[in-house]
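**Student:** Build me a model:
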Amino acid sequence: MTSVTEAVQALRGLRLTEVRRVANIVIVVVRPDGGTGWTIHAQCPFRVVHGDVILLGSRDMNWPRDRGTDRDEAFENGTTKFDAQAEFLTGRFAEGDFRVTGAKLGPGGEVVLEATNDGDPIRLEIFPDCSGPWIESWRLFALDEGAGSYVYPEAAGRD
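**Tutor:** So this is what the prediction gives:
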């Protein structure tokens, strides 16, 4: 693969296996039936949508899972609404066979992954919201050791 567009399109047919976070970075993992796969690290807005319902959004990191809990404490302890929903979705991915049926790089670095499990579709949407050409919004990593990565915007990956 030579371009970010080709790298995103290569996710088609892979199995969605995990969504989680490290600090405020959303991590999505997709894998082939055999092999290591890819991970996306999104530092910009992100959401998972089922029909008209948002199942998970990056701003969910701002809210504690349990009312009355301090926001900062929930963020640090991994007990936000995001963490709870990400755990739920990862569990559903493990129970089902969510295959990426569509993978598209759109205008402004938007990434849309569509995945289905027995015809029940979900969409993962990543949408950069920063105008700086050297500020990384997301990165796509091959999980094979020594394999490369793809960055959006591409200028953010240059020294």
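
**Student:** What pLDDT does the model give the closest residue to Arg15 other than its chain neighbours?
**Tutor:** Of all residues not flanking Arg15 in the chain, Arg31 sits nearest, at 5.4 Å (Cβ to Cβ, 6 or more residues apart in numbering). Every residue, glycine included, has its C-beta placed from N, CA and C. Arg31 carries a pLDDT value of 95.

**Student:** tell me the phi and psi of the residue nearest the centre of the chain?
**Tutor:** Closest residue to the average C-alpha location of the chain: Val28 at 3.8 Å, with Cα atoms, centre = their mean. When read as degrees, to the nearest 10, the backbone of Val28 gives phi -120, psi 130.

**Student:** In this structure it contacts Ala42, no?
**Tutor:** Yes. Val28 lies in contact with Ala42 (Cβ atoms under 8 Å); the separation is 7.3 Å.

**Student:** How much space separates the residue of the chain positioned farthest from its centre from Met61?
**Tutor:** Each residue of the chain has a distance to the centre, and by Cα atoms, centre = their mean the biggest one is for Gly68: 28.5 Å. Distance, Gly68 to Met61, using Cβ to Cβ, to the nearest Å: 18 Å.

**Student:** cool, and Arg67?
**Tutor:** 16 Å.

**Student:** repeat for Asp52
**Tutor:** Asp52 is 22 Å from Met61, by Cβ to Cβ.

**Student:** still on that earlier bit, can you name the helix or strand that the residue lying closest to the residue nearest to the centre of the chain once chain neighbours are set aside falls in?
**Tutor:** Of all residues not flanking Val28 in the chain, Ile40 sits nearest, at 4.5 Å (Cβ to Cβ, 6+ apart). Following DSSP states H and E, the helix or strand that holds Ile40 is strand 38-42.

**Student:** List of residues touching that strand?
**Tutor:** Taking contacts as Cβ atoms under 8 Å, 6 or more residues apart in numbering, the residues outside strand 38-42 that touch it are 10-11, 14, 25-31, 58, 111, 126, 137-143.

**Student:** Can you flag the buried ones in the residues you listed?
**Tutor:** Neighbour counting by 16 or more other Cβ atoms under 10 Å classes 10-11, 14, 25-31, 58, 111, 126, 137-142 among the contacts of strand 38-42 as buried.
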